[in-house]
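> Just a sequence and a predicted model for now, questions to come.
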Amino acid sequence: MSTDFSSLKPDLSSVPVDAPEIERMRVLIETISAYIDYFHGGSVKMESYTDGVLKIAMAGACLGCPLSAETLHGWVEGTVKQFFPDLKSVVAA
């Protein structure tokens, strides 16, 4: 299995460093989703981010998976909090 993830990275050239928080978060979620798709066949999509609550829709292999809660809170929430410490919670859409 190749570990070259260069093709999984979203195009960040259109996202300025001073882009609004919601735009930077959207790009982060797209990156996380690319890894989830590559390794597990599932995906996540940002539905909304309001008052510190990130709403995520899960799709593909994540639907009905008994580990989807761990993916949502462990992988998605854990990663997002590293970049957005004001995040209060991540919930499924």
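Received, thanks. Numbers count the residues shown, from 1 in each chain.

> Check which residues of stretch 60-73 are buried.
Buried residues in stretch 60-73, counted by 16 or more other C-beta atoms under 10 Å: 61-62, 68, 71-72. (C-beta placed from N, C-alpha, C; glycine too.)

> again, but for stretch 17-37
Going by 16+ other C-beta under 10 Å, stretch 17-37 has these buried residues: 24-34, 36-37.

> Ok, stretch 77-89 next?
77, 79-80, 87.

> Looking at those, point me to the pair that's furthest apart.
Thr79 and Leu87 (10.3 Å; C-beta to C-beta).

> Find residues that contact each of the two.
Listed contacts common to Thr79 and Leu87 are nil; contacts here mean C-beta atoms under 8 Å, 6 or more residues apart in numbering.

> Just name the closest of the buried residues of stretch 60-73 to Asp51, please.
Among the buried residues of stretch 60-73, and counting by C-beta to C-beta, the member closest to Asp51 is Leu72, at 18.5 Å.

> just to confirm, which helix or strand has the residue nearest the centre of the chain in it?
Centroid-nearest residue in the chain, with C-alpha atoms, centre = their mean: Ile29, separated by 2.6 Å. Assessed by DSSP states H and E, Ile29 sits inside helix 21-40.
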